[in-house]
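1. Provide a 3D model corresponding to the input given below.
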Amino acid sequence: MGRPNLAARPFENVRPIWVAGGALALAALVLTAVSLGDFVSAHGRERAAAGSLARLRSRHAELVTKVEAANRQLAAVGWKRLQGETTSLEDVVARRRLVWSQLLADLERVVPWDIRLVSITPSVAKDGSLQIGLDGLATGRDAWLKLIAALFADPRFSDPLPRSEEAPSARNGLGYRFSLSVRYWPEGKP
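-> Numbers count the residues shown, from 1 in each chain. Model prediction:
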């Protein structure tokens with residue numbers, strides 16, 4: 001036979017509901033703490049970024065001031081005069097690089113025996129080569145042409161360009177007079 005129910009109300013087992021509710025409340029509490037930690041961390045990073053941005057803006061303002069001051073100083077420079085000075089300094093440096101003994105040895109190697117050089121005038125070209133002006137006397141036109149051919153063939157000389165030539169005459173009894181310009185490369189043609 002069955003047992004009689006003496007309770008005024010029927011018995012309901014609510015323990016699983018309380019356990020599930022407590023677990024949910026604990027999970028909500030943990031998630032709230034994690035969210036709060038993330039919020040505090042993000043807020044700290046935001047404040048650090050704002051401070052860094054303020055420092056960068058002040059540094060930018062300093063640099064803009066320095067650039068404007070440098071531009072004012074550069075605007076006051078006489079660029080044409082400065083360019084003339086640097087060009088003349090480049091010429092001086094290039095002339096200082098000219099070793100006369102090497103140039104004369106190279107000319108002695110190239111110039112035929114029947115040519116006498118009267119003057120040698122070096123000048124600096126923009127490409128770093130030296131433009132040499134040669135004035136001289138030759139026994140004949142063949143010697144003069146041999147000189148031009150030898151200058152073409154030598155690796156230290158290039159682009160010989162005759163400027164003038166004068167055959168022997170009553171006014172010029174010394175021989176065949178010539179003038180030419182040639183590029184001289186002390187280390188050889190590039």
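2. got the domain boundaries for the protein?
-> 16-76, 98-184 (automatic domain parsing).
3. which of those sits most buried?
-> Among those, ranked by average contacts under mean count of other CB atoms under 10 Å, first place goes to domain 98-184 (a mean of 15). Bear in mind the C-beta positions are built from the backbone N, C-alpha and C, glycine included.
4. quick check: mean pLDDT across that domain?
-> Domain 98-184 comes out with an average pLDDT of 85.
5. of all the domains of the chain, which one comes closest to G2?
-> domain 16-76 (25.9 Å; CB to CB).
6. would you list the domains of the chain in CSV and tack on distance to G84?
-> Shown next, in CSV, are the domains of the chain (distance: least, CB to CB, whole Å):
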stretch, distance to G84
domain 16-76, 17
domain 98-184, 15
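7. longest helix anywhere in this protein?
-> In terms of residue count, the longest helix belonging to the chain (DSSP state H) is helix 15-75.
8. so what's R156 up against?
-> By CB atoms under 8 Å, 6 or more residues apart in numbering, the contact set of R156 is 106, 184-186, 188-189.
9. those in helices, which ones?
-> D106.
10. for the contacts of R156, which one is nearest F152?
-> Distances from F152 to the contacts of R156, taken by CB to CB, are shortest for K189, at 11.5 Å.
11. of the domains of the chain, which is nearest T87?
-> Closest to T87 of the domains of the chain is domain 98-184 (CB to CB; 9.3 Å).
12. what's the span of the closest one, first residue to last?
-> Domain 98-184 has an end-to-end distance of 10 Å (CA to CA, to the nearest Å).
13. same deal with stretch 99-118?
-> Stretch 99-118: ends 19 Å apart by CA to CA.
14. what does that stretch contact?
-> Contacts for stretch 99-118 (CB under 8 Å, 6+ apart): 120, 122, 130, 132, 134-140, 143-144, 146-147, 150-151, 154, 156-157, 175, 184, 186.
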